[in-house]
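Q: How does the following fold in three dimensions:
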Amino acid sequence: MDKVKKGLGRGLSSLIGEIRVEPKKNQLAISDLVPNKFQPRKIFDVSNLEELTNSIKERGMIQPIIVRKSNDDKTKFEIIAGERRWLAAQRAGLHDVPVVITEADDLKSLEFAIVENVQRHDLNPLEEAQGYKRLIDEFSYDQDKVSKFIGKSRSHITNSLRLLTLPDDVIKLIETQKLTAGHAKVLVGLSNASFVAAKIIEKKLSVRQSENFVKIFKNKKNTLRKSKDTNIIALELSISNKIGLNVDIQNTKRNKGKISFEYKDLEQLNKIIDIIKSNY
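A: Below is the predicted model:
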């Protein structure tokens, strides 16, 4: 049983210790297992599932699936943790899989599933945050206990939960992978997160470029920038990204003004001069 616990990770092994477990590792037919009706994860990444399938084909199933007797069908066992391994085992053509049988009620089954999911490395950042929130809301975890169970820092848990404060339209963009987790972290705390998110997608900005874009809005010292047209700001960013230097455009209502390039050494000044000379 010690080896089983070690393979399951701190969170799951702690939970197993709280409930009665059959003393031996069993083999059950794949057809005897049914999915966990409390499974909080609805989408399994196909490429990662294929990698696990290939690994099982080569080495077999190393880590057992945690199950309990099904309340709905007495001839079946319900998966508590390991549905991804069960799916991969089917794809690999296995007939039997190793299992650990536990006695767990519905609430404990849900807790198992959430803890297993948030321990995964390939979890969608929003799914991860939602898992942490459920542990806190439904199982009276605090952030310190989540940190201990999952094996991640308290600051990581806090930052993850902050993703859930984003507007619904921005969360949808993250769920559909139009924005990355890195972009999401840049948007957290912004009053205009939806606008900035739209600009990031429109301009195809990297995370670093997005950070620079956000700095423009956070520059409270420059009152002119605060009232500057958003299209001018976007143009500044576009030019800055192109030449690698900070750019400032002052434009009046009559569309007159000036454009300034910031340089920090002679090399950067020569770069500006060369750009102008090569185009005029």
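
Q: quick one: A29 from V67, how far?
A: Noted for A29: a distance of 12 Å to V67, by Cβ to Cβ, to the nearest Å. To be clear about C-beta, it is placed using only N, CA and C from the backbone, and glycine gets the same treatment.

Q: for N246, same thing?
A: 59 Å.

Q: which one of the two has more residues nearby?
A: V67 (28 against 14; other Cβ atoms under 10 Å).

Q: Run me through the strand neighbours of the helix or strand where the more buried one lies, direction for each.
A: Per DSSP states H and E, V67 falls inside strand 65-69. Paired strands of strand 65-69, with direction, are strand 77-81 (antiparallel), strand 96-101 (parallel) (DSSP bridges).

Q: Return the set of buried residues in that strand.
A: I65, I66, V67, R68 (16 or more other Cβ atoms under 10 Å).

Q: Point out where the protein drops to low pLDDT.
A: Along the chain, the parts satisfying pLDDT under 70 run over 1-25, 38-45, 117-123, 217-227.

Q: domain ranges for it?
A: The chain breaks down into these domains under automatic domain parsing: 2-118, 124-165, 167-215, 219-280.

Q: Deepest-packed of the strands paired with strand 65-69, please.
A: With neighbours taken as mean count of other Cβ atoms under 10 Å, these reach their highest mean count in strand 77-81, at a mean of 25.

Q: Residues in contact with that one: which ones?
A: Here strand 77-81 makes contact (Cβ atoms under 8 Å, 6 or more residues apart in numbering) with 8, 12, 28, 32-37, 39, 65-72, 86, 99, 101-102, 104, 109, 112-113, 115-116.

Q: Show the subsequent helix or strand relative to that strand.
A: Taking DSSP H and E, what comes next after strand 77-81 is helix 83-91.

Q: Dump that next one to PDB, keeping only the CA atoms.
A: C-alpha atoms of helix 83-91 as PDB (Å, rounded to 0.1, in the frame of the first residue of the first chain):
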ATOM      1  CA  GLU A  83     -10.800   8.100 -15.300                       C
ATOM      2  CA  ARG A  84      -8.100   9.400 -17.700                       C
ATOM      3  CA  ARG A  85      -6.100   6.200 -17.100                       C
ATOM      4  CA  TRP A  86      -9.200   4.100 -17.700                       C
ATOM      5  CA  LEU A  87      -9.900   5.800 -21.000                       C
ATOM      6  CA  ALA A  88      -6.300   5.300 -22.100                       C
ATOM      7  CA  ALA A  89      -6.400   1.700 -21.000                       C
ATOM      8  CA  GLN A  90      -9.400   1.200 -23.300                       C
ATOM      9  CA  ARG A  91      -7.500   2.800 -26.200                       C
END
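
Q: could you say what helices and strands it packs with?
A: helix 46-59, strand 96-101 (3 or more Cβ pairs under 8 Å, 6 or more residues apart in numbering; DSSP states H and E).

Q: Tell me which of the ones you listed sits most buried.
A: With a mean of 21, the top stretch among the helices and strands packed on helix 83-91 by mean neighbour count (mean count of other Cβ under 10 Å) is strand 96-101.

Q: In stretch 27-34, which residues are buried?
A: Buried residues in stretch 27-34 (16+ other Cβ under 10 Å): L28, I30, D32, L33, V34.

Q: Provide the partner residues of the first one in its beta bridges.
A: In this entry, L28 is beta-bridged to V97, by DSSP bridges.

Q: From K277, how far off is it?
A: Taking Cβ to Cβ, one finds L28 at 76 Å from K277.

Q: How about the second one?
A: Here the criterion is Cβ to Cβ. By it, I30 lies 71 Å from K277.

Q: for the closest residue to I200 other than its chain neighbours, helix, strand, or coil?
A: Using Cβ to Cβ, 6 or more residues apart in numbering and skipping the chain neighbours, the partner closest in space to I200 is S210 (5.1 Å). With DSSP: H, G, I helix; E, B strand; the rest coil as the basis, S210 sits in helix.

Q: okay but S210 is in contact with A184, surely?
A: No: shown here, S210 and A184 do not form a contact pair, counting by Cβ atoms under 8 Å, at 10.1 Å.

Q: Next up, phi/psi of D168, please.
A: The phi/psi pair for D168 (degrees, to the nearest 10) reads phi -60, psi -40.

Q: Relative to S155, how far out is it?
A: 25 Å.

Q: Which residue of those two possesses the greater neighbour count?
A: For D168 versus S155, the count of surrounding residues by other Cβ under 10 Å is larger for S155: 10 against 7.
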